[in-house]
Every structure is written in C-alpha cells, then in structure tokens.
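In: Here is my input, please return the structure:
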Amino acid sequence: MSRKIIVGFDGSPASQRALDFAITRAKAQGDGIVIAHILEWSPYSFLTPEELAERHKRRKNELERAEKAILAPMVARVEEQGVPVTTALKYGHIAETLVQIAKTEDAAMIMIGRMGHSGLSSRIFGSVAGTLAQVAPVPVTIVP
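Out: Now for the predicted structure:
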C-alpha cells in the first residue's frame, strides 16, 4: 500500500513548488498525493435566514470554481507524471483542516510552500507553517 503525501495547495508559486517537490518524492517512493485546497470560512451565527441562503449559494460557487480552476489542472499535471492523485476541497482554518485531512487520509506527511511572510504579523497572528509544525500528527515539509 502506498503512502500519501498531503500537499496544501492555493495556486501560489510557493504551493506550486511544494507540489513539484511532492511529485518528485512520490515518484521516487511510490507514494500518492492528495492535493488539499482549503477555503477559509468563518461561521457567522448572527446572520438572517436570507443572508445564510446567499452565503450558502456563494460557498457552492466558490467550491465549483476552485475545483475547476485550481484543482483540476493540478490533478492532470500530477497524473501526467504517473503519480496517483486525489483531492480534498474544504472550508475551514487552513492548518487545522490540513491536520484533519492528514488524519482522515492516514497520510505519511504534509507539504506546504513557504509564503515568505514573516515579522510582526506572523508573530502576532501565527502562520500556517508554524501551526502545522506544532500540531501536525505527521512530519511537515515546508518547501522554500
């Protein structure tokens, strides 16, 4: 049974590099890849029923767009390399949701691209990489 590598993917150049690195590793080790795209979404409990309906419609449209515009081209790219690939498209906090996906998929590791943001904002608000490094149940590779 092949192991799975979760790749946090948002379409950025950093996530492209992480996916490229994951493809190289997967090919060398016979692993599969799960391309995970997380849309951040905060649950608001104070919305009216009309606002909730509009929000649900917008959420559905965002999921469809992400599937077609972001994930489908990357799946084709990974398949061209002969690597087994699936996707995970979810709403939530990025680091927490990647951890959840890693547990559900029984993954061997998580790979993400480094966005290059540092300094005060990262120290105050934290970063996906920093959070993953602290809470992930599997090794985390941060690709520069």
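
In: okay, now the residue nearest to residue 13 when sequence neighbours are not counted: neighbour count?
Out: Computed as CB to CB, 6 or more residues apart in numbering, the closest residue to residue 13 that is not its neighbour in sequence is residue 113, at 7.5 Å. Just so you know, the C-beta spots here come from the backbone N, C-alpha and C atoms, and that holds for glycine as well. For residue 113, the count of nearby residues is 25 (other CB atoms under 10 Å).

In: Isn't residue 113 up against residue 141?
Out: No: under the criterion of CB atoms under 8 Å, residue 113 makes no contact with residue 141, lying 9.9 Å away.

In: Identify the contacts common to the two.
Out: Residues touching both residue 113 and residue 141 comprise residue 18, with contact defined as CB atoms under 8 Å, 6 or more residues apart in numbering.

In: related to what we said a few turns ago, I'd like to know how far the residue nearest to residue 13 sits from residue 12.
Out: Using CB to CB, to the nearest Å, we find residue 113 at a distance of 7 Å from residue 12.
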